[in-house]
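J.: Provided below for reference: sequence and predicted model.
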Amino acid sequence: MNRSELTFIERLYIFEALKGILLTSRHFFWNLFLHTTHLFGLLKNKSAAVTVQYPDEIRPYAPRLRTRHHLVPRADGSPRCVACMLCETVCPAKCIYIIAGEHPDPNVEKVAKRFDLDLGKCVYCGFCVEVCPEDAIRMDTQIMNIAAYSREEMLLDINELLRPGSRKQS
Amino acid sequence: MYFDIIIKIILTGVVLGGALNLAGLLTWVERKQSAVMQDRIGANRASLFGLRILGLFHPLADMLKLILKEDFTPRYAHKILHALAPFVSVFFALIAFAAIPIGNDFAWRGHAIHLQVAHINVGLLYILSVMSMGVYGVVLAGFASNNNYSFLGGLRASSQMISYEITMGVSIMGIVMMDGSLNLQNIVQAQGQYWHHLPLWGIFLQPVSFFLFLTAAMAETKRTPFDLPEGESEIIGYFVEYSGMKFGMFFLTDFLETVLASALLTTLFLGGWQIPYLFHDGFHFPWGTVWIMAQPWVILLGVIAFSIKVIFFCWFLMMIRWTLPRFRYDQLMRLGWKIMLPISLINILVTGLVMVLL
Ligand code: SF4
Ligand code: SF4
């Protein structure tokens, strides 16, 4: 890397320090002014901080963002998943557990009777979504907060995966 | 007799309460000010009955948390010294305020009242010595924790404080030489003189000494450009092994020392409680306007002016703390011994020469 030598004035440090303080003071007073005007409802279009107050205001997520999984249902409400086990096989975190069962509709060969997904292990790689031949699992719920008080609560079963909003959002 | 004691007790309460409250408030100021400087919002979540008022409850919440936390002493630490260290730190930071005049002397019903807790004629020496006693708290903390990192932190602290104390002491000699007194009240009163209507404050008479003292005082408070003893973000310092309120006391000491440094800077260089053109009977402006005021109001204005100046310096020190990056240790030592000490000695020499020649 090419670094230029410090000039004498810069080496004195005091002027550089003053320049730094000038810069931070400019931010300080300008932001303080904006905060004050906001209190009176003025200049609302200029924001005084870049902060997003996360749980209260949520930034718009990009549609391609990988968020919590959900299983896509058929018209009759049963999961579209045919229990081909591809996602269980590809999952690098080994966090999917599927038990296949028979579907009442004779045209559908199999269906997942049990579909457990352990969010505590999932690395959000999205391989399960990519590999699925039936487009049965997607990661487009836009649910980001997956915190829980115990490991058991991190486990999603088939009901929750079919109804992404069913878990209480806290 | 009783009257004097009562006055002193009230005064002690005022100074102690003022210093402690300002230090507590500074924890909030630090968060908010740094946030506003960096285009953030800052702590605003603590609420009481749904009231948030700009996060002003955060100092209370912090204190509550620190008091309720487990007070942990490491197994092989020296129990007594480990417990003693934070008290030493806070104690010496607090009693240093005793010699700082918060207002002018006045007479009331035949009693002379000094708005200064300890009206001693070695006030400046007293403050310097008490501040250097404060180092013991830090060194003890580093030593008694029986932890290599805190020990190293303590070593860094002691060498830094001792190095900068010298500059601190030498840099104010110019002021002392000119006023011929170590009593801070006399130093403040001497700053009430005028030279062609320019108030002869220390900052105008001794600008070099002001910068030196400012730097040294910042080093004494152990805050960011000079926070090598603490280095909370990575190198960790003397209070690694402290938890709960004992840690809180070290934390408080930093803020108390910030307030103390501000008070000293105000007293020595910004005319203490002096307001330009305010004399004992009211304002006498240079363009001839005269506002006559009763004495209590003049005294009260002085105390308010002192507080405002102290708060200004607290703000300014905070500004520096959130602007400048930390020094490297060799830079710190070079700055202290090779740059600041010679400049302060030259400053004394020049001051002496000018005083002899004029
Ligand atoms: S996102 Fe990756 S880790 Fe998570 S379930 Fe799908 S394949 Fe497994
Ligand atoms: S890959 Fe798709 S269809 Fe196959 S088991 Fe997984 S979710 Fe079901």
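T.: Now that the structure is in, tell me what you want to look at. Ligands and ions are numbered 1, 2, ... in the order given.

J.: helix or strand: which one has residue 88?
T.: Using chain A. A:Glu88 is located in helix A:86-90, with elements delineated by DSSP states H and E.

J.: I was after chain B.
T.: In the assignment (DSSP H and E), B:Val88 maps to helix B:79-95.

J.: contacting residues around the closest residue to A:Glu88 other than its chain neighbours?
T.: Nearest residue to A:Glu88, sequence neighbours excluded (Cβ to Cβ, 6 or more residues apart in numbering or on different chains): A:Ile96, at 4.5 Å. All C-beta atoms are positioned from the backbone trio N, CA, C, and that covers glycine. Going by Cβ atoms under 8 Å, 6 or more residues apart in numbering or on different chains, A:Ile96 touches A:87-88, A:115-117, A:128.

J.: can you redo the residues you listed as JSON lines with distance to B:Met218, pLDDT and neighbour count?
T.: Putting the contacts of A:Ile96 into JSON lines (distance: Cβ to Cβ, whole Å; pLDDT from 0 to 100; neighbours: other Cβ atoms under 10 Å in any protein chain shown) gives the following:
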{"residue": "A:Cys87", "distance to B:Met218": "60", "pLDDT": "94", "neighbour count": "23"}
{"residue": "A:Glu88", "distance to B:Met218": "61", "pLDDT": "93", "neighbour count": "19"}
{"residue": "A:Phe115", "distance to B:Met218": "62", "pLDDT": "93", "neighbour count": "27"}
{"residue": "A:Asp116", "distance to B:Met218": "59", "pLDDT": "92", "neighbour count": "17"}
{"residue": "A:Leu117", "distance to B:Met218": "55", "pLDDT": "92", "neighbour count": "27"}
{"residue": "A:Cys128", "distance to B:Met218": "56", "pLDDT": "94", "neighbour count": "24"}
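
J.: what's the closest of these to ligand 1?
T.: Closest approach to ligand 1 among the contacts of A:Ile96 (Cβ to the nearest ligand atom): A:Cys128, at 3.2 Å.

J.: so the closest one is in which element?
T.: Using DSSP H and E, A:Cys128 falls in helix A:127-131.

J.: for that helix, the distance to its chain's centre please.
T.: Centroid separation for helix A:127-131 versus its chain: 17 Å, with Cα atoms, centre = their mean, to the nearest Å.

J.: all helices of the stretch 151-300 of chain B, in order?
T.: B:173-179, B:184-190, B:202-205, B:207-221, B:244-269, B:295-321 (DSSP state H, counting those that start in this stretch).

J.: so which residues on chain B come close to chain A?
T.: Taking Cβ under 8 Å from any Cβ of the partner chain as the measure of proximity, chain B contacts chain A at B:33, B:35-41, B:211, B:319-320, B:322-324.

J.: from those residues, which land in strands?
T.: If you go by DSSP state E, the residues of chain B next to chain A have nothing in strands.

J.: picking that back up, the helix holding B:Val88 vs helix B:207-221, what angle?
T.: Helix B:79-95 runs at 150 degrees relative to helix B:207-221, counting by axes from the mean of the first three to the mean of the last three Cα atoms, to 10 degrees.

J.: tell me the buried residues in helix B:79-95?
T.: For helix B:79-95, the neighbour count (16 or more other Cβ atoms under 10 Å in any protein chain shown) marks B:82, B:84-86, B:88-95 as buried.

J.: what about the residue nearest to A:Ile99 when sequence neighbours are not counted, which SS state?
T.: The shortest distance from A:Ile99 to any non-neighbouring residue, by Cβ to Cβ, 6+ apart, is to A:Arg114 (4.0 Å). Under DSSP: H, G, I helix; E, B strand; the rest coil, A:Arg114 falls in the strand class.

J.: thanks again, I'm all set now.
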